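1. Predicted model and sequence below, questions to follow.
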Amino acid sequence: MKTTNILFGMALVAAGFLASCQKDFLNVTPTDKILGDAVIADSSLFENYVINRYLSIKLQDKEGEGSNPGFGRGFEYGLWSSITDESIYNNDDNTWVVQQGQLAPENMGITGTIWGRSYRGIRECNYALNNIDKVVMSTDHRKRLRAELRFIRAFRYHDLIRNYGGVIMMGDKEYSLQDNLSDPALFNRATLQQSMDYVITELTAAAADLPVDNNGSDWLPGRATQGAALALKARLLLYAASPLYNVGTWQAAADAAKAVMSLSKYSIAPDYTQLFLNSNNNEIIFARQFAIGARHVCLEISNGPNSYGGWAGNTPLQNMVDAYEMNNGKPITDPASGYDPQNPYANRDARFYATVLYNGATYRGSTIQTFTPGGKDSKDGPSNWNASKTGYYLRKFMDDKNPIDNPWDVAGLQPWIYIRYAEVLLNYAEAQNEAVGPDASVYNAVNQIRQRASVMQPALTPGLSKDQMRDAIRRERQVELAYEEHRFYDVRRWKIANVTENVPAYGMTITRNGNSYTYTRKVALDNRLFVEANYWLPVPRADILASNATLKQNPGY
């Protein structure tokens, strides 16, 4: 994405203050930033400013740098999966703090940056929206840019809502140091209902003025479309109807997802693995695009096995591995499934092989060896401090054509997918099942995903009850959307995190004896703890103090 690096926000306020000084030696034009007047006076600069706002979406980097999605230093390091029952971050970060119930307003690391960075992004969008009418451009182009800004702003609010609940609504205001920041009214949090209603209204308005797609136009890949706005709206309405939120209806959520399906612009990509390696498919609705040299391409080295020079970052848990069905469609807990605990990776759902590297998996012209003694990808191998603590490594998102060692300047075309069509189908199936029961449209939505050409899991069993279908849909979300930042929010909105996150993080010990192997379940990280307060993140203590304690903290912190 072609962008211009525009430093704005408080820097603009400071620049204006200095410009008012009478000393000639202070009246200089900065050469390291573009000031607001220049942005407004040049339509190309203004458009680049708008494009640059996409970089703020999911900018959740614990060290305050970078712009990659994820929980750790960027998405290639600690994924959000590593604060769920999907994985643990092998080298520790802030993730163990969360997993072991130590989340607090003072020590939450990256989770705290969501609050501040989201509001910074909202302020930046407000600046552009408040000044767009001053920019010389065609009416149609202005309408599209305004819709993009409303979408980006809504995305930031969506991130705030799903992490904190009811949030401070800024409207179109651009706050600066010149405002009366001591006014307690500035820090009032809207109700969850009010917050949801505002963002859903914004997305409805944005969708009406966004292009249907980016194909064959001057609209760059990665920019918002009508489908992206409608799909984000459908996600939020699904959240709103869920038990944790309880401020919406399942029928509204089903209708919103159906509106995306009715566009007839999206479909299930045939190859599950390739879906995550390039953006040339019709399943992607909204994604972050990367270029060669982007930090995004740390993926392979950050998550690769130790014997290949990888750092084994986000290592899948046995808890997650157990969720994959056998290829006959039966869960491994079904006595008729054919599952063999001493040959546990045979005949599993094809998505398992596309997602997890396990003992015996083919990888980069060799075979993964997590067994002991002597396995090259175990603690007996090279760089053993990077050996997986769970017996597994992450395969999803990894491109074997990219080198593991020093990949930064030779690769980087994998997109990071924020919204894809499979999620929309699952959103529809869940909402429709809750609204009217497991009708034919629910089966059709789920089976489209299960019968992707590269997967071909058997269709769901006919005649399921609503409760049985609910369980089936939840399992399908778990495996289909694994490691894509959904599980953290799903178990919370369903209010089952007190179950899924209060069990140990399990792994697998594989012991070799000659040519045979023994598989033994083990605890990879114990003392996992989830309490009622953890259904929402705490508001950072620094922001509470900055408001003179008028900003209300979430209960339990």
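-> That came through fine. Numbers count the residues shown, from 1 in each chain.

2. quick one, helices of the stretch 101-250 of the chain?
-> All helices of the stretch 101-250 of the chain, identified by DSSP state H, counting those that start in this stretch, fall at 110-131, 139-164, 192-209, 226-241, 250-261.

3. possible to save the ones you listed as TSV with mean pLDDT?
-> As requested, the helices of the stretch 101-250 of the chain are arranged in TSV below (pLDDT from 0 to 100):
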stretch	mean pLDDT
helix 110-131	87
helix 139-164	96
helix 192-209	98
helix 226-241	98
helix 250-261	98
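
4. what's the most buried one of the ones you listed?
-> helix 226-241 (a mean of 26; mean count of other Cβ atoms under 10 Å). Glycine gets a C-beta too; all of them are placed from N, C-alpha and C.

5. Just the C-alphas of that one, formatted as CSV.
-> Extracted C-alpha coordinates of helix 226-241, given in CSV (Å, rounded to 0.1, in the frame of the first residue of the first chain):
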residue,chain,number,x,y,z
GLN,A,226,-19.2,-2.3,0.8
GLY,A,227,-18.7,-5.9,1.8
ALA,A,228,-16.1,-5.1,4.4
ALA,A,229,-18.5,-2.6,6.1
LEU,A,230,-21.4,-4.9,6.0
ALA,A,231,-19.4,-7.9,7.3
LEU,A,232,-18.0,-5.9,10.2
LYS,A,233,-21.5,-4.8,11.0
ALA,A,234,-22.6,-8.5,10.9
ARG,A,235,-19.8,-9.4,13.3
LEU,A,236,-20.8,-6.6,15.8
LEU,A,237,-24.5,-7.6,15.6
LEU,A,238,-23.5,-11.2,16.4
TYR,A,239,-21.6,-10.0,19.4
ALA,A,240,-24.5,-7.8,20.4
ALA,A,241,-26.9,-10.8,20.5
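
6. Can you tell me the closest non-neighbouring residue to residue 551?
-> residue 187 (4.1 Å; Cβ to Cβ, 6 or more residues apart in numbering).

7. try residue 251
-> Nearest to residue 251 is residue 435, by Cβ to Cβ, 6+ apart, at 4.5 Å.

8. Likewise for residue 450?
-> Per Cβ to Cβ, 6+ apart, closest to residue 450 is residue 457, 4.1 Å.

9. The one you found is in what secondary structure piece?
-> Secondary-structure assignment from DSSP states H and E places residue 457 in no helical or strand segment.

10. if I pick it, what's in contact with it?
-> Residues in contact with residue 457, defined by Cβ atoms under 8 Å, 6 or more residues apart in numbering, are 325, 327, 329, 349-350, 450-451.

11. Neighbour-wise, which one of these leads?
-> residue 325 (23 neighbours; other Cβ atoms under 10 Å).

12. Does residue 537 belong to a helix, a strand or coil?
-> Look at residue 537: counting by DSSP: H, G, I helix; E, B strand; the rest coil, its state is coil.

13. Would you mind measuring from the closest residue to residue 458 other than its chain neighbours to residue 193?
-> Distances taken as Cβ to Cβ, 6+ apart place residue 329 nearest to residue 458, at 3.6 Å, with adjacent residues excluded. Noted for residue 329: a distance of 40 Å to residue 193, by Cβ to Cβ, to the nearest Å.

14. any idea of the pLDDT on residue 416?
-> Looking at residue 416, its pLDDT is 88.

15. Likewise for residue 489?
-> 97.

16. tell me the secondary structure for it?
-> helix.

17. Settle this for me: it is touching residue 239, isn't it.
-> Yes - judged on Cβ atoms under 8 Å, residue 489 makes contact with residue 239 at a distance of 7.5 Å.

18. Mutual contacts of the two, please.
-> residue 162.

19. distance between stretch 152-165 and the chain's centre?
-> Chain-centre distance of stretch 152-165: 12 Å, with Cα atoms, centre = their mean, to the nearest Å.

20. on that earlier part again, what helix or strand is the residue nearest to residue 458 on?
-> Per DSSP H and E, there is no helix or strand for residue 329.

21. again with residue 419
-> In this structure, residue 419 sits in strand 416-420 according to DSSP H and E.

22. List the strands paired with that strand, with their directions.
-> When sheet partners are counted by DSSP bridges, strand 416-420 sits next to strand 284-288 (antiparallel).

23. Measure how the partner strand sits relative to helix 226-241, angle-wise.
-> 90 degrees (axes from the mean of the first three to the mean of the last three Cα atoms, to 10 degrees).

24. residues of strand 284-288 that come out buried?
-> 284-288 (16 or more other Cβ atoms under 10 Å).

25. what about the residue most central in space within the chain, which SS state?
-> Centroid-nearest residue in the chain: residue 485, 3.8 Å away (criterion: Cα atoms, centre = their mean). Of the three states, residue 485 takes coil according to three-state DSSP.

26. Does anything pack onto whichever strand or helix holds residue 435? Which helices or strands?
-> In this structure, residue 435 sits in helix 421-436 according to DSSP H and E. For helix 421-436, the packing partners by 3 or more Cβ pairs under 8 Å, 6 or more residues apart in numbering; DSSP states H and E come out as helix 226-241, helix 250-261, strand 284-288, helix 440-450, helix 466-480.

27. So for residue 53, which of those sits nearest?
-> Among these, strand 284-288 comes nearest to residue 53, with 12.7 Å by Cβ to Cβ.

28. So which bits of the helix or strand just after the closest one are buried?
-> Counting by DSSP H and E, the next helix or strand C-terminal to strand 284-288 is helix 299-303. Buried residues in helix 299-303, counted by 16+ other Cβ under 10 Å: 299-303.

29. Please tell me how far helix 299-303 is from the chain's geometric centre.
-> With Cα atoms, centre = their mean, you get 17 Å for helix 299-303.

30. State the number of residues packed around the residue nearest to residue 251.
-> Neighbour tally, residue 435, other Cβ under 10 Å: 17.

31. quick one: buried residues of stretch 374-381?
-> Quick answer for stretch 374-381 (16+ other Cβ under 10 Å): 375-378, 380-381.

32. of the residues you listed, closest to residue 316?
-> residue 377 (13.5 Å).

33. right, and the closest one touches residue 307 too?
-> Yes - assessed by Cβ under 8 Å, residue 377 is found in contact with residue 307 at 5.0 Å.

34. what touches both of these two?
-> residue 369.

35. quick revisit: could you measure the residue nearest to residue 450 against residue 496, distance?
-> 23 Å.

36. buried residues in stretch 540-557?
-> 540-541, 543-544, 547, 551, 553-554, 557.

37. What about those, which are in helices?
-> Counting by DSSP state H, the part of the buried residues of stretch 540-557 found in helices is 541, 543-544.

38. which outside residues touch stretch 500-512?
-> Taking Cβ under 8 Å, 6+ apart as the rule, stretch 500-512 contacts 84-85, 88, 99, 315, 317-319, 321, 344, 359, 370-375, 388-392, 491, 517-526, 528-530, 534.

39. and the residue nearest to residue 450, what pLDDT?
-> Residue 457 is given a pLDDT of 98.

40. Repeat that for residue 48.
-> In this model, residue 48 carries a pLDDT of 91.

41. so how many other residues sit close to residue 465?
-> So residue 465, with other Cβ under 10 Å, has 10 neighbours.

42. wouldn't it be in contact with residue 438 here?
-> Yes - the pair residue 465 and residue 438 passes the contact test of Cβ under 8 Å, sitting 7.3 Å apart.
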